[in-house]
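[1] Just to be clear, the model below is a prediction. Sequence and coordinates:
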Protein chains: 2
Amino acid sequence: MPAPAEMLSKLVRFSLADGMSSDVAPIQRRLSNMKGMYADEAAYAGMVRDDPLVYEFHDMGLPESEGAIAFGTSIIYAGKVGDEYFMTKGHFHTILATSEVYYCLRGHGYMLMENPEGDWEARELTPGCALYVPERYAHRSINVGSDTPLITFFAFRADAGHNYGAIETRGFRKRIVERYGRPEIIDNPGWKA
Amino acid sequence: MPAPAEMLSKLVRFSLADGMSSDVAPIQRRLSNMKGMYADEAAYAGMVRDDPLVYEFHDMGLPESEGAIAFGTSIIYAGKVGDEYFMTKGHFHTILATSEVYYCLRGHGYMLMENPEGDWEARELTPGCALYVPERYAHRSINVGSDTPLITFFAFRADAGHNYGAIETRGFRKRIVERYGRPEIIDNPGWKA
């Protein structure tokens, strides 16, 4: 009895140097895809005309089965909008009680995490750090490096799903900005409880 | 409402150079832990007196929840028992319909996979290869390099569980051995259908 096609193994190459794949095209997010997410709207308006690439990631298109593990790399480029570092949109999982694991391959960043009750955590990422994002926590990757991409390998339950809407509406409780040349975690004045 | 302790994030360092962690002790498997698994029993008996370290891996001790993702690194050392390369014991998941993802950081190896019906696959691992091991497949990592450890980062559903017994009893359908200086996949004469 041969296994059905969706059950076969899958081998995908992701460069350890730049996170890019020779096998799968990335999904790209430019600044224009992130309207309203950065606090400094004037800085955003000035930069969006050139519409820089903020981050890219890979989606394997695995069947959304509770037994499957989705995986890929995420590459966040170095940059700031005003004093706020380049970051991903961030999301909850649609199946809220599912976790995710990130393994940092290159760069310097933070993972900002927050649950629906507003509890939050920020963990620093450097090469060789594996980070377990717990169940029920939205998560956003932030590159605080000055010129190196933040590259991570990620894995999560393939049926977890992505809920971007909650973050688009109320944001994260915290922001990470540059102060005196270093990252600082500040309150987000726009956060809605 | 603070999150319960087991829901908090977890940051664990694994060296990208050698896979070892400064935060978590590895679980070690020596040759004496693998009695009966290599085909050449005379070579095994000769080597087991020195009892070399064959592989080590990390277990985070995460709660075995269906929403959690277990992760760590696995390091298989270079070596052979007769002409058969150093390898892990290999296992099915106790919850058979769960998958696993490996990201190869260093070395040269193969993942040998087999389902309960005896369908099998072998995929080559080199640095930068991510391998999706499908649901229902037992899996064994094999180091075919001559002197470099095979190092992978792995992730799977934390409640998947490990079933070593089935492999200890019947083995894998295939073995990977050195022939004329190169790896070759051969039938396992001891395999029991």
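    Sure thing, it's come through.
[2] CA atoms of the helix or strand A:Glu178 falls within as PDB?
    Assigned by DSSP states H and E, A:Glu178 belongs to strand A:174-179. C-alpha atoms of strand A:174-179 as PDB (Å, rounded to 0.1, in the frame of the first residue of the first chain):
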ATOM      1  CA  LYS A 174       5.200  47.000  23.500                       C
ATOM      2  CA  ARG A 175       7.400  48.400  20.700                       C
ATOM      3  CA  ILE A 176      11.200  48.100  20.300                       C
ATOM      4  CA  VAL A 177      12.900  51.300  19.300                       C
ATOM      5  CA  GLU A 178      16.500  52.600  19.100                       C
ATOM      6  CA  ARG A 179      17.500  54.900  22.000                       C
END
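[3] That strand: what's the following helix or strand?
    Per DSSP H and E, the first helix or strand lying C-terminal to strand A:174-179 is strand A:182-187.
[4] Okay, now the unreliable bits of chain A?
    Residue ranges of chain A with pLDDT under 70: A:1-7.
[5] one more time with 80
    By pLDDT under 80, the weakly predicted segments of chain A are A:1-7, A:192-193.
[6] max-length helix in it?
    helix A:41-48 (DSSP state H).
[7] What is that helix packed up against?
    Secondary-structure packing of helix A:41-48 (3 or more Cβ pairs under 8 Å, 6 or more residues apart in numbering or on different chains; DSSP states H and E): strand A:80-81. C-beta here means a position set from N, CA and C on the backbone, and glycine is covered the same way.
[8] counting contacts, what elements does the strand it packs on pack onto?
    With contacts taken as 3+ Cβ pairs under 8 Å, 6+ apart, strand A:80-81 sits against helix A:41-48.
[9] how much distance is there from the helix it packs on to the middle of the chain?
    21 Å (Cα atoms, centre = their mean, to the nearest Å).
[10] circling back: list of residues touching the strand holding A:Glu178?
    Here strand A:174-179 makes contact (Cβ atoms under 8 Å, 6 or more residues apart in numbering or on different chains) with A:39, A:80, A:82-85, A:87, A:110, A:112, A:114, A:120, A:122, A:142, A:144, A:183-188.
[11] Buried residues, the longest helix of chain A. List them.
    Neighbour-count burial for helix A:41-48, counted by 16 or more other Cβ atoms under 10 Å in any protein chain shown, picks out A:44, A:47-48.
[12] Dump the helix or strand that it is followed by to CSV, keeping only the CA atoms.
    Later in the chain than helix A:41-48, the nearest helix or strand by DSSP H and E is strand A:53-57. Taking C-alpha atoms only, strand A:53-57 is exported to CSV below (Å, rounded to 0.1, in the frame of the first residue of the first chain):
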residue,chain,number,x,y,z
LEU,A,53,11.6,45.0,1.4
VAL,A,54,11.2,44.5,5.2
TYR,A,55,11.1,40.7,5.4
GLU,A,56,10.6,37.5,3.6
PHE,A,57,9.7,34.0,4.7
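[13] List the buried residues of strand A:53-57.
    A:54-57.
[14] elements contacting it?
    strand A:27-30, strand A:69-76.
[15] Return the list of strands paired to the shortest one, each annotated with direction.
    Here strand A:27-30 is paired, per DSSP bridges, with strand A:53-57 (antiparallel).
[16] Give me the contact list for the partner strand.
    Contact with strand A:53-57 is made by A:26-31, A:33-34, A:72-77, A:79, A:86-88, A:141, A:154, as judged by Cβ under 8 Å, 6+ apart.
[17] quick one, it and helix A:41-48 angle?
    Relative orientation of strand A:53-57 and helix A:41-48, computed by axes from the mean of the first three to the mean of the last three Cα atoms, to 10 degrees: 80 degrees.
[18] Neighbours of A:Phe154, how many?
    Per other Cβ atoms under 10 Å in any protein chain shown, the neighbour tally for A:Phe154 reads 23.
[19] What segments of chain A are helices?
    Remark: helices assigned in chain A by DSSP H are A:41-48, A:165-170.
[20] and the helices and strands packed on strand A:53-57, which is most packed in?
    Ranked by mean neighbour count under mean count of other Cβ atoms under 10 Å in any protein chain shown, the helices and strands packed on strand A:53-57 are led by strand A:69-76, which reaches a mean of 25.
[21] how far is it from where the chain is centred?
    9 Å.
[22] Over to stretch A:160-170?
    Its chain's C-alpha centre and that of stretch A:160-170 lie 12 Å apart, by Cα atoms, centre = their mean.
[23] Next: stretch A:103-120.
    8 Å.
[24] what distance separates the start and the end of it?
    Counting by Cα to Cα, to the nearest Å, you get 20 Å between the two ends of stretch A:103-120.
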